[in-house]
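Student: Just to be clear, the model below is a prediction. Sequence and coordinates:
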Amino acid sequence: MELIDTPQEFGTEAKRCIGKFGCTPEHNYTYFLTTAESGAKNIFLKSEEGYGVLATYRENAGEVFMVSEALAPRKKQVEVLHEALDTCFSKLPIKKFAVEQDDGLRAQTKEAFANNGYRALSPRFSLYWPVFSMDKWGGQGMQGEDWKKLRNAKNRFYSEHSVEVVDSQSVGKEQLKKIVLDWAERRKLMGLGTNRKDSNLAYYERYLKMIDFGFEGTKFAKTLVVDGQPCTITAGWEIPNADSSYYSAIGICNYSFEGLGEMANLDDLYRLKESGYSTVDFGGSPMPLLKFKLKFRPHAVYVTHTYAIVKK
């Protein structure tokens with residue numbers, strides 16, 4: 001397996017691989033570039049068969065982290081992961097190779113690795129991914145008792161404030177970055193933790209990068225301007241090779257007004273339903289954030305586990 005460590009060299013091939021084999025919400029090239037936060041760099045692993053692995057390498061931590069699943073058919077996932085492990089442990093001074101997998105793929109990996117020199121450690125944390133079937137979603141009409149609280153909050157918010165929806169690209173980058181930084185600081189003050197076990201706080205750097213990239217690779221990037229103040233960012237993209245499916249990747253607000261987060265997410269869901277998407281993935285969440293997302297009444301929730309693989 002070839003290990004390539006600069007976007008100038010792997011860009012074209014990584015995009016090709018995503019286009020052909022991408023299948024998960026985080027199989028997006030621009031998003032992949034944003035994952036190289038402080039102390040990390042992007043790497044791309046290419047197999048002889050043309051499959052690939054998106055990953056970040058943290059030299060100081062001695063760890064490679066695979067971004068989402070391997071870019072390969074499901075039946076080839078474990079085989080490609082094994083190749084990536086062999087390549088990284090032989091070519092890089094690492095102690096750990098971390099992955100994020102659903103229950104089924106994790107079970108396959110553990111079984112396959114039982115006698116091949118690697119050992120899967122216990123999960124560091126698990127994330128919960130709410131999914132909406134938009135043809136069944138009742139959030140536009142908000143009829144019935146189940147929607148009463150959210151319906152009242154929406155009516156109150158729009159009666160008390162002037163609200164405009166604009167493309168995020170039309171807002172100055174520094175204003176957008178201030179929304180991100182205010183969001184991160186507020187979550188810290190709210191006691192939601194400083195790592196992804198508790199919140200998304202530790203990952204705000206990638207949002208700043210997405211702003212610098214001008215939201216390249218997104219389908220929609222929208223901001224609510226409330227009483228003249230840009231307050232929110234929602235953005236996402238279509239999931240590759242998944243018919244009419246969308247990943248709502250970013251949903252943040254600066255908490256300037258009560259109910260702001262709910263209104264930003266409702267605005268996002270309304271747009272996606274009107275755009276004709278059949279399925280919307282609302283992103284991986286630790287339990288506190290999942291409880292917030294359940295307000296919008298998703299139809300299913302799946303789980304992924306992040307864990308490290310080490311040599312025996």
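Tutor: Now that the structure is in, tell me what you want to look at. Owing to the predicted nature of the structure, the values given are computational and were not obtained by experimental measurement. Numbering: from 1, shown residues only.
Student: buried stuff in stretch 67-78?
Tutor: 67-72, 76-78 (16 or more other C-beta atoms under 10 Å). From N, CA and C alone the C-beta is placed, and that goes for glycine too.
Student: quick one: the strands in the chain?
Tutor: Along the chain, the segments classed as strands by DSSP state E run 2-4, 41-46, 52-58, 63-66, 96-102, 118-120, 125-133, 163-167, 220-226, 229-230, 232-238, 245-253, 279-281, 300-311.
Student: Which ones among the buried residues of stretch 67-78 lie within helices?
Tutor: Under the assignment DSSP state H, the buried residues of stretch 67-78 contribute 77-78 to helices.
Student: In JSON lines, list the buried residues of stretch 67-78 along with distance to K219 and pLDDT.
Tutor: Shown next, in JSON lines, are these (distance: C-beta to C-beta, whole Å; pLDDT from 0 to 100):
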{"residue": "V67", "distance to K219": "19", "pLDDT": "97"}
{"residue": "S68", "distance to K219": "18", "pLDDT": "96"}
{"residue": "E69", "distance to K219": "21", "pLDDT": "95"}
{"residue": "A70", "distance to K219": "24", "pLDDT": "97"}
{"residue": "L71", "distance to K219": "20", "pLDDT": "98"}
{"residue": "A72", "distance to K219": "25", "pLDDT": "97"}
{"residue": "K76", "distance to K219": "28", "pLDDT": "95"}
{"residue": "Q77", "distance to K219": "26", "pLDDT": "94"}
{"residue": "V78", "distance to K219": "31", "pLDDT": "94"}
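Student: from the buried residues of stretch 67-78, which is closest to N152?
Tutor: The closest of the buried residues of stretch 67-78 to N152 turns out to be S68 (C-beta to C-beta; 38.0 Å).
Student: what residues are up against the closest one?
Tutor: By C-beta atoms under 8 Å, 6 or more residues apart in numbering, the residues touching S68 are 24-27, 54, 100.
Student: hang on, isn't M134 packed against D281?
Tutor: No: with contact defined as C-beta atoms under 8 Å, M134 and D281 do not form a contacting pair (11.3 Å).
Student: ok, back up a step: now rank the contacts of S68 by neighbours and give me the top one.
Tutor: In terms of neighbour count, L54 stands highest of the contacts of S68 at 28 neighbours, by other C-beta atoms under 10 Å.
Student: Output the strands of the chain in CSV; the columns should cover mean pLDDT.
Tutor: Formatted as CSV, those follow (pLDDT from 0 to 100):
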stretch, mean pLDDT
strand 2-4, 97
strand 41-46, 98
strand 52-58, 98
strand 63-66, 98
strand 96-102, 96
strand 118-120, 92
strand 125-133, 96
strand 163-167, 98
strand 220-226, 98
strand 229-230, 98
strand 232-238, 98
strand 245-253, 97
strand 279-281, 98
strand 300-311, 96
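Student: Export those to TSV and append columns for distance to A84.
Tutor: As requested, the strands of the chain are exported to TSV (distance: least, C-beta to C-beta, whole Å):
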stretch	distance to A84
strand 2-4	9
strand 41-46	5
strand 52-58	5
strand 63-66	7
strand 96-102	7
strand 118-120	11
strand 125-133	21
strand 163-167	38
strand 220-226	32
strand 229-230	41
strand 232-238	24
strand 245-253	23
strand 279-281	25
strand 300-311	10
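Student: Which elements pack onto the longest helix along the chain?
Tutor: If you go by DSSP H, the chain has its longest helix at helix 173-189. Judged by 3 or more C-beta pairs under 8 Å, 6 or more residues apart in numbering; DSSP states H and E, helix 173-189 is in contact with helix 204-212, strand 229-230, strand 232-238, strand 245-253.
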